[in-house]
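Asker: Need a 3D model of the following:
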Amino acid sequence: MLFMGLMSLDRPEDYGRLSDEKLLNKVADGDQEAFRQLYQNTDRTMYSFILSIVKNPQDAEEIMQESYLKIWTSAKGYKSQGKPLAWMFTIARNLCYMKFREQKHDSDVTIDDLMGLEAGEVCKEIEMAADKMVLLAALQILKEEEREIVLLHTSGGMKHREIAASLNIPLATALSRYNRAMKKLENYLREE
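Answerer: Alright, predicted model coming up:
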């Protein structure tokens, strides 16, 4: 009976019950199903974290893919400390900074981009660009650590306690940064 219980633990449907720490250890052994489950557990949080740094959805998606590739290839180097998400954030942050060094862009929508579009599509592109510019401008007024916390909470769905643990900061600090950031955003949007 005990043997059957141990055997069922390795079935893919049971991977959802494993902690991220255990999943990452299995990823280190080349377990693709564990990697898939780790991705499912952390993708929204990772995306929010990366977006808080790069402030560009396309770049965030690209860096997120690179991050998970790096996680897959580097999992054997992970030293178990009970905080795999913090390790994953470090990989993502490093890739974000590499992206900053490689590329600087002036605008997401260029004249060349708009030339090939029909009239209705042009308006849609311009509206999307305008919405994006407002969001980016709002995010620009926040300090990086405030942006991280806001996006991890709002987009990533993390609780403040989880954010504090992932970023290795006290809960009170996470809460005060979040509240300060929300007041800044509220004041900025009220003025605009």
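
Asker: Which of the helices and strands in this structure ranks last by mean pLDDT?
Answerer: In the chain, no helix or strand scores lower on mean pLDDT, DSSP states H and E than helix 2-9, which sits at a mean of 40.

Asker: Show me what secondary structure element comes after that one.
Answerer: Downstream of helix 2-9, the first helix or strand assigned by DSSP states H and E is helix 20-28.

Asker: ok, and what's touching that next one?
Answerer: Helix 20-28 is contacted from outside by 15, 18, 34-35, 37-38, 41-42, 71-72, 75-76, 78, 80, 82, 84-85, 87, using Cβ atoms under 8 Å, 6 or more residues apart in numbering. To be clear about C-beta, it is placed using only N, CA and C from the backbone, and glycine gets the same treatment.

Asker: cutoff 10 Å now
Answerer: Applying Cβ atoms under 10 Å, 6 or more residues apart in numbering, the contact partners of helix 20-28 are 9-10, 15-16, 18-19, 31-42, 71-78, 80-85, 87-88.

Asker: Of those, which belong to helices?
Answerer: Those of those mapping onto helices are 9, 32-42, 71-74, 84-85, 87-88, per DSSP state H.

Asker: sorry, back to before: just the buried residues from the contacts of helix 20-28, in ChimeraX please.
Answerer: Listed next is the ChimeraX selection for buried residues among those, using 16 or more other Cβ atoms under 10 Å:
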select :15,18,31,33,34,35,37,38,39,41,42,71,75,78,84,85,87,88
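
Asker: got the contact list for the helix or strand hosting K183?
Answerer: Using DSSP H and E, K183 maps to helix 171-191. Helix 171-191 is contacted from outside by 134, 137-143, 145-154, 158-167, 169-170, using Cβ under 10 Å, 6+ apart.
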